[in-house]
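J.: dropping a prediction and its sequence here:
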Amino acid sequence: MIEAKNVIKKYGQVTALDDFTVDIPKGKIGILGPNGAGKSTFVKIALGLIESTSGEITVLGENLDKNSIEIRKKIGYMPEHDCIPNKMTGVEFLIEMGQVSGLDYQTATQRTHEILGHLRMGEEKYRLIEEYSGGMRQKIKLAQGLVHGPELMFLDEPTSGLDPNARQEMLETINGLAEISNTNVLLSTHILQDVETVCDYVIIINNGKLQIKENVKELVKRQTDTIQIRVGENSDEFISILKQNNNKRNIEITDRWIRIPYKNEESFKEIISAAASAKCQLYEMERIAMTMDNIYLEVVN
Amino acid sequence: MEISKMFKRFPTLFPPIFKDCSYRLITNKLTWVLVAILMLPCALGLLVYYEFSGDRISEEVNGEKIYYTSSGELLHEDLRVLFLEISEYFGIGFIALLLGIMFSSELISEEYNLKTMQILRTSPIHPIEIFTYRYISGIITGVILLGLYSTIFYIIVMMGAGIHGILEEIGLLALVIKIVILNWIGFLSIFCAINVYFERPYLICFIYWLFWEQIMSGQNYQQITLTHYINSIIYDSLTEMGWSVTASDYGLVNSNNDTIATDPLISTFIILIVGISFIFIGSRGISSKQF
Amino acid sequence: MKNDAKIADKFKDFKPNLSDRRNIILGMGLRGFEKLFSLKNKSILFLIGIVYLWTFAFYLLLGQDSYPCNTVSEELKTCTHLNFYGDLQYGGTRIFLVLIAAVASSGLIANDLTDKSIHLYLSRPISRIDYLIARIIPIFLLMLTITLIPNLVVFISQFSKSGLDVDFLSSNMWTLSNLILQAIFYSISYSIIGITFSAAINRESLASAGFFGTVYGVSLIVEIFYGLMSEMDIENSEYILLLSIIHFLDIISYKIFNVDYFVTIFGSPEVIEFPLSIIIGLYVLLFSSFILLVNYIISKMEVTK
Amino acid sequence: MSTIIFEEVTKNYGRVQGISNVSLNIGPGVTGILGPNGAGKSTTMKVLLGLARPSIGSVYVDGVNPFDNFDLRNKIGFVPEYDCFYEHMSAVDYVSYFLMIHDFSKEEAVEKAENSLIELGLQDSMYRKIRTYSRGMRQKTKVARATAFNPQILVLDEPFQGADPTTRHLLMEKINSWSEEGKTILISSHILHDVEYLTDNIILINNGRVLASGNRHEIRKLMSNIPIQIKISPIDKNQLRPLVKRMLDEKWITAGRLLESEGEIILETNESEKFYTEFPQILEDEKIIVEKIVSDDDTLDSLYSKLVEGKQWK
């Protein structure tokens, strides 16, 4: 979908992208990285908004140097910051954006309503944007990128500032994007759980270089060597029994959970029998899975 | 908080606030627009000087060059009128007032816009301190800016009359600077207080100035405007300097054509009182404002 | 009917048919123009109404005979089409023109900058210059409606007064074309100034105040000093008139008619001559630097956010 | 040890509701305050900071009314949701500016500011102007300002907004250590995952009302009308069927589902306490070893959506 070869981008003295090479497959891709790692620079170069100092980028099979303006017909962009006018209605704005992308008036109108339907916007689409809630504003921002039927959609922090329900809905919408006119998604975010729920692949950028590019599902399947337990009453007795069995291993105890290192299947058995004999409630027991957090911190630091 | 504690804190608290405020005022885009407008008379004055300096007639008395116009009058007496008239528009009049409105909005309204006022209100600083320190910073910056401007403009205008002319009329410059200071003490505190209470301070300040200060002054009950006291001081000083001005030139007459100029000392005192009382009104507004 | 039961696909494939850049820009410009004329912009409609009323009252009802104006005479009314742009007391609409240009142009880019929707426009298949052109079109068209049309109406009324004489037309061919050229010149110049202010001061109300204050206020100050200096009989004092954009534009528009420039605000008409090369050079310099400034402002925004 | 007490507090802004009839008792440690946008979280914080005066009711922070009280302001640190900077200052200037208001001398203020900024990892950029900062650095600066004078109470409104994962992690570690020092910390966040990581104590607000407050597991237990679903996966996949069969024999199990492909069973019960107590014994008796006992119902996500939708009353 996007191929970058030895891309370098410098702002004066600062190097934003340093010999950056990546081949991004189709599907839903998450881009992670600390602030200033070069994520947004990469996205802007791929959009043709700024030019790279050197290197080659191919987006959707077309070379970016030659037709950076034409390529934008196939790309949708949802910026991070609030960037929609207040004094228009949602529908008006989307039709305008459709026309600016080159659709004729009637098609733009039809397409606007179709997309707003998919995004589950009701009558409020005819209201002024300034009356919209944060979630609705995000949806309008998303819709304006989709209105001309792009093959590729850049999403920059689509869930920032949303409350949990709105965030959930936004994630579901993004998940459905692949189905709306076969759009590929490039999602850049700081909330790692979003990547976990939405994306097929994850790319981590740091210091202008590609750190890893991997399949999310396989990454998250990896498990750690710790078992987390949460128990109810008689926890003291439970702990003392456990300690007898595990005298050589270190048990982490806080008032919220107990963590025991995983050795083999026997570990589970020990816990269950300890709970049974201490007659305490065993609320929770599982091997802690690798989360995006762990992977991210491991890669970046 | 007791007043004594406030005084004790003053040396530590005021410098950083002054530094911040003056920086913000001076780096503001609008200040520069106004300064550019203020510089226009200076530039044009310079142009005028170079063009006409050949036409004047000079005479040497006691080693000093005294210049006369072609009709034989003292040149500096012509030029001082020009200086005062233009100062009344720029240095102490309309432009200075716009600068004052802009400063007050930057000092107070901007704190609300930047939401730093919320932080200040959760910090142990008394509203009187918040208001006063900003007000004083505004006065200092404004007076320095306009005082400097007045001096430069004075020198440029009086340059035509030579060193003699400049020294001869130095009292006028002192008067203009005095008026600048009093103007700012009075008006800035009113503008700042307006900024505390109203959402659109620019508009309200301007309306206040136009309807209250401009239209009311020159009427029968003009003693309720600050302009009256400012004008009284100008009028009094000019008469003392031997100018032939009448009270009606400065609108200091009522409908019976009686002169109603106030004594300059009392005028100064009243302006100070107004300044201080609006400090209290303003800080009252800050302390009662909720978020 | 049994076999006709159908469930629609959840999503329909959308194959867009996108038009090229020229159409997009033209469409944007025309929509912007339409918007300026919509009922929401009451102030602009009001001002336009005043300009028309003023023109018709002044030139059609009060009427005058001698037309066109080849040389500047004592009788200013003979220079109708030039007077149209003059100061109020000489029957001109200058203050309204500047006001309309200030009010209408201030929002065009400033609004996009304040709500940051400029990023969305720039991520569309148009370039930065395309965007600028699209934003200039509405204000350009608006200025045309208040410069060209009233002047044409005056021309036609003169034509009808001459008894629809074909000779009048043929002898005034150049006047007509100059009229159009002059209107276009004013429109494009004010549009560019407006766009510059709109981009440089990114708040709508401040931009319009800045436009009006700078353009009109400076012209007043310059005029005062010009009066002062000419009273003192200072040589070359007319060069300070070039400091004011209004005067500068007037000078060029008088050049278009091959008429000497004269001052109208405060004081009686006075003929002033400038060399053509200086004026054209200055104009090109000034307006290209305006365009470059706007371009720079927008390009800087792209990089930072 | 500071405590915050709300007694039936109502705050209206003109005709707009802020919070209504809120009673709370917040003690030391981290407390998460959750709710949709516009639910009244920020209003709650503002009332307790003394930025707004309650319309009805009273608030006590350390036993005094926060509105007008001066000494209290030395004890509360506030990180607002929005940016609140003098953009032309550097972080050190900014933090020390406010420290001087807290009655520190200039030298002390600069030193403390530098220390707290270094602690938060801003050593490289703390002399640069705030204007040039990224969102994460801005968050750190705000936190540094609020904590540099060592307040006993910390109020953090969306402190992780816009921060990159590294910053987020660092801030969480800091918050955890402050909470261990015995500070009272009130934190609001839209990202439930973060709150879940930090604390079990939550306050859930919607439409200006406090829907629930306290330990989230206890809250879930109080919602006894909603059956709890528990996921269990035995190590030996052949034991899936016997285990379901065995569990359905108990009358407190209302339903059971077998997910063969995932190697899990899902059990539903109304008497969760009984289940959790007896289940280990049953496993022990049946000689079945399971590697996972988890309830998706018990996550903060599910608790949040259930409470906000009002399922606790149905």
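T.: Received, thanks. Numbers count the residues shown, from 1 in each chain, chains lettered A, B, ... in the order given.

J.: tell me where the stretch 51-200 of chain C is predicted with low confidence.
T.: C:59-83, C:87-91 (pLDDT under 70).

J.: can you name the residue of it nearest to chain B?
T.: Going by Cβ to the nearest Cβ, chain B is nearest to residue C:200 of the stretch 51-200 of chain C, at 9.0 Å. Placement of C-beta: from N, CA and C, glycine included.

J.: could I get the full set of strands for the chain?
T.: In the absence of a named chain, this looks at chain A. Applying DSSP state E to chain A gives strands spanning A:2-11, A:14-24, A:28-32, A:54-59, A:62-63, A:75-78, A:152-156, A:184-188, A:201-206, A:209-215, A:223-231, A:252-253, A:258-261, A:282-289.

J.: let me rephrase: I mean chain D.
T.: D:4-13, D:16-26, D:29-34, D:56-61, D:76-79, D:153-157, D:184-188, D:201-206, D:209-215, D:228-234, D:253-259, D:264-269, D:290-294.

J.: who wins for proximity to chain B among the ones you listed?
T.: Nearest of the strands of chain D (Cβ to the nearest Cβ): strand D:76-79, 4.7 Å.

J.: could you see whether chain B lies near the closest one?
T.: Yes: interface with chain B: strand D:76-79 contributes D:76, D:78 (Cβ under 8 Å from any Cβ of the partner chain).

J.: hmm, that strand in reach of chain A?
T.: No: no part of strand D:76-79 sits close enough to chain A to count as contact by Cβ under 8 Å from any Cβ; the gap is at least 15.9 Å.

J.: in its sheet, what does that strand sit against?
T.: If you go by DSSP bridges, strand D:76-79 pairs up with strand D:153-157 (parallel).

J.: how close does the residue of the stretch 201-314 of chain D found nearest chain B get to residue D:36?
T.: Residue of the stretch 201-314 of chain D nearest chain B, by Cβ to the nearest Cβ: residue D:208 (16.3 Å). Using Cβ to Cβ, to the nearest Å, residue D:208 is found at 11 Å from residue D:36.

J.: now do residue C:196
T.: Separation of residue C:196 from residue D:36 (Cβ to Cβ): 44 Å.

J.: list, one by one, the residues from the stretch 1-150 of chain D near chain A.
T.: Counting by Cβ under 8 Å from any Cβ, the stretch 1-150 of chain D comes close to chain A at D:34, D:35, D:36, D:37, D:38, D:134, D:135, D:136, D:137.

J.: correct me if wrong: the last one contacts residue D:121.
T.: No: counting by Cβ atoms under 8 Å, residue D:137 stays clear of residue D:121, with 9.2 Å between them.

J.: settle it for me: which of those two has more neighbours?
T.: In terms of neighbours (other Cβ atoms under 10 Å in any protein chain shown), residue D:137 is the more surrounded of residue D:137 and residue D:121; the figures are 25 against 17.

J.: excluding its backbone neighbours, what's nearest the residue most central in space within chain A?
T.: In chain A, the residue lying closest to the centroid (Cα atoms, centre = their mean) is residue A:195, at 3.3 Å. Leaving aside its sequence neighbours, residue A:195 sits nearest to residue A:30 (Cβ to Cβ, 6 or more residues apart in numbering or on different chains; 3.7 Å).

J.: what's opposite the one you found in the beta bridge?
T.: Taking DSSP bridges as the rule, residue A:30 bridges to residue A:187, residue A:202.

J.: okay, now it: neighbour count?
T.: 23.

J.: in three-state terms, label the residue in the stretch 1-150 of chain C that chain D sits nearest to for me.
T.: Going by Cβ to the nearest Cβ, chain D is nearest to residue C:116 of the stretch 1-150 of chain C, at 15.4 Å. State at residue C:116, reduced to three classes by DSSP: H, G, I helix; E, B strand; the rest coil: coil.

J.: gap between it and residue A:80?
T.: Separation of residue C:116 from residue A:80 (Cβ to Cβ): 10 Å.

J.: between these two, tell me which one has more neighbours.
T.: The neighbour count for residue C:116 versus residue A:80, taken as other Cβ under 10 Å, is higher for residue A:80 (21 against 17).

J.: tell me the backbone dihedrals of that one, please.
T.: With angles defined as degrees, to the nearest 10, residue A:80 sits at phi -80, psi -50.

J.: who touches it in this structure?
T.: Contacts for residue A:80 (Cβ atoms under 8 Å, 6 or more residues apart in numbering or on different chains) come out as A:40, A:156, A:157, A:160.

J.: try 7 Å
T.: By Cβ atoms under 7 Å, 6 or more residues apart in numbering or on different chains, the residues touching residue A:80 are A:156, A:157, A:160.

J.: how about the residues of chain C near chain A?
T.: For chain C, the residues in contact with chain A (Cβ under 7 Å from any Cβ of the partner chain) are C:10-11, C:13-14, C:16, C:18-19, C:24, C:27-28, C:111, C:115-117, C:119-127, C:302-303, C:305.

J.: so among those residues, which ones count as buried?
T.: C:14, C:16, C:18, C:24, C:27-28, C:111, C:115-117, C:119-127, C:302 (16 or more other Cβ atoms under 10 Å in any protein chain shown).

J.: can you map out the helices along chain C?
T.: Remark: helices assigned in chain C by DSSP state H are C:21-37, C:42-55, C:80-83, C:94-114, C:118-122, C:128-161, C:166-171, C:173-200, C:204-212, C:218-231, C:245-256, C:276-304.

J.: actually, chain A.
T.: Secondary structure of chain A (DSSP H): helices at A:39-47, A:90-101, A:105-118, A:134-146, A:164-177, A:192-198, A:216-221, A:235-245, A:265-278, A:292-300.

J.: now render those as a markdown table, adding distance to residue C:247.
T.: Formatted as a markdown table, the helices of chain A follow (distance: least, Cβ to Cβ, whole Å):
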| stretch | distance to residue C:247 |
| --- | --- |
| helix A:39-47 | 44 |
| helix A:90-101 | 38 |
| helix A:105-118 | 44 |
| helix A:134-146 | 45 |
| helix A:164-177 | 56 |
| helix A:192-198 | 60 |
| helix A:216-221 | 67 |
| helix A:235-245 | 89 |
| helix A:265-278 | 90 |
| helix A:292-300 | 62 |
